[in-house]
Structure formats: C-alpha cells, structure tokens
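Engineer: Build the 3D model from these lines:
(one chain, ligands or ions: 3)
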Amino acid sequence: MPIDPDFPRNHKVLGKHMHSDGEHYHYVWGPGKTAEAAENEEVKAAFAARGEEIAPVGVHGTMVAVDWDSCVADGACIEACPVQVFQWYRTEQDLPASKMVNETSSGTGSTVKEERKDYTDKADPVREHDCIWCMACVSVCPPQAIKVDQSNLEFHEKASGTFNESLSKGSAPPPHAH
Ligand code: F3S
Ligand code: F3S
Ligand code: ZN
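Structural biologist: Ligands and ions are numbered 1, 2, ... in the order given. So this is what the prediction gives:
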C-alpha cells in the first residue's frame, strides 16, 4: 500500500523530529499501518536479526513525506535527490524507528544508497526544508512510500501554529492602521 496521499488529513501529529540546527524540524504523523515493510523478506529478516518487532511507525515529514511503514530501505530516493534531503536515519542514531518520534538529529547520517545500516533502516527527510521539488524521489521509490507536495506546507504550519490564512489564500495582508 503506497503512502496515503491524504495523510495530513487522515493522520495526527505524533511528534516532532528536530534538526540540531535549532531552526528546522519535521513532523511525524501516525498512527501508521501494516504495509510493505511488514511483508518484505529482507526487512523481516533484518528485524528478526535485531530482535525488533515490525510495528506501525507512521510518516516522517509533511512536504517531503516518507511512509516508514511502506519504506523497505531501497535507497533509490537517497541516490536520486540532488540536494540530499534524506539520510539513512540509523547511520546517525541507531534506534528502533518508533523511538525517532521526538528525537533530534544533526543530519550526519549517510546519504549513500548502499550505506543503509541494514534493512530495518529508513529514509528520513531530515533536510525537508532544502527540497527543490524536483520529484525525483517520488518516481523511483518501488513501494511508492514518498509523497512530495509543497502545498502541504499548510499542514506543517498549522501543526506549528504559524499558519496565516490570509497569506495562504493569496490575498493581500491586512492594511496597516494609521
Ligand atoms: Fe529531493 Fe525529492 Fe525534493 S528528490 S529535491 S526530496 S522532491
Ligand atoms: Fe524507502 Fe523508497 Fe527510499 S523504499 S529508502 S523511501 S526509495
Ligand atoms: Zn524523521
């Protein structure tokens, strides 16, 4: 099952994955689902080798969103992105995916396709804010785990409490009082 294109409407914010630059962060949406990762032989073997359960973990990112329940650690997205939006999260913090909900990452993880820690790893859009909307990642992902939509900024801003309705509708900001 590919990523739900309406995930910001159908999911809730579970947490905030912070960037250690102190400025950027991406949201984590859940509850998630049982999908491709739970059916993939390489992924199942890797989880078994670690003694970790495959449980629903949800979606990381909002404008560049990766459904971690669908991601099977293929890495094509990581290779395709011209501005290194993604990193293999386990190459920076080797934690179970469920523990990444409110973590802080610095973006020092690997951005090389074949450097996944193992098949429990996931592409994390740690530099979502650098996306140039080229869409390369979307078309190369075998399970279609990625949704890129610039207009989802609205959901990011609503979750952040910075959403400005008048700006989003393209109308002029209210005139200044004199
Ligand atoms: Fe990279 Fe995908 Fe954006 S390839 S530039 S994250 S649309
Ligand atoms: Fe995962 Fe698809 Fe990227 S399977 S690592 S999101 S290409
Ligand atoms: Zn994340």
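
Engineer: Excluding covalently adjacent residues, which one is nearest to D124?
Structural biologist: Nearest non-adjacent residue to D124, counting by C-beta to C-beta, 6 or more residues apart in numbering: Y89, 3.9 Å away. All C-beta spots, glycine's among them, are computed from the backbone N, C-alpha and C.

Engineer: Next, work out how far apart that neighbour and N10 are.
Structural biologist: Applying C-beta to C-beta, to the nearest Å, the value for Y89 to N10 is 24 Å.

Engineer: and these two? which has more neighbours close in?
Structural biologist: Counted by other C-beta atoms under 10 Å, Y89 and N10 do not tie: Y89 has more neighbours, with 27 against 9.

Engineer: Quick check: that one touching G109?
Structural biologist: Yes - using C-beta atoms under 8 Å, Y89 is in contact with G109, at 6.0 Å.

Engineer: Quick one: mean pLDDT for the helix or strand containing V43?
Structural biologist: Assigned by DSSP states H and E, V43 falls within helix 41-50. Mean pLDDT, helix 41-50: 98.

Engineer: What residues sit buried inside that helix?
Structural biologist: V43, A46, F47 (16 or more other C-beta atoms under 10 Å).

Engineer: So the last one sits against V57, correct?
Structural biologist: Same thing as F47. No - the criterion here is C-beta under 8 Å, and F47 misses it with V57 at 11.8 Å.

Engineer: near ligand 3, which residues of the chain show up?
Structural biologist: The chain has residues H17, H60, D124 near ligand 3, with proximity defined as C-beta under 5 Å from the ion.

Engineer: Which members of these are positioned in strands?
Structural biologist: Among the residues of the chain next to ligand 3, the ones falling in strands (DSSP state E) are H17, H60, D124.

Engineer: ranking these by neighbours, who comes first?
Structural biologist: In these, the most neighbours by other C-beta under 10 Å go to D124, 31 neighbours.

Engineer: residues contacting that one?
Structural biologist: Residues near D124 by C-beta atoms under 8 Å, 6 or more residues apart in numbering: H17, H60, V66, F86, Q87, W88, Y89, M100, S105, G109.

Engineer: residue ranges with poor pLDDT in this structure?
Structural biologist: 169-178 (pLDDT under 70).
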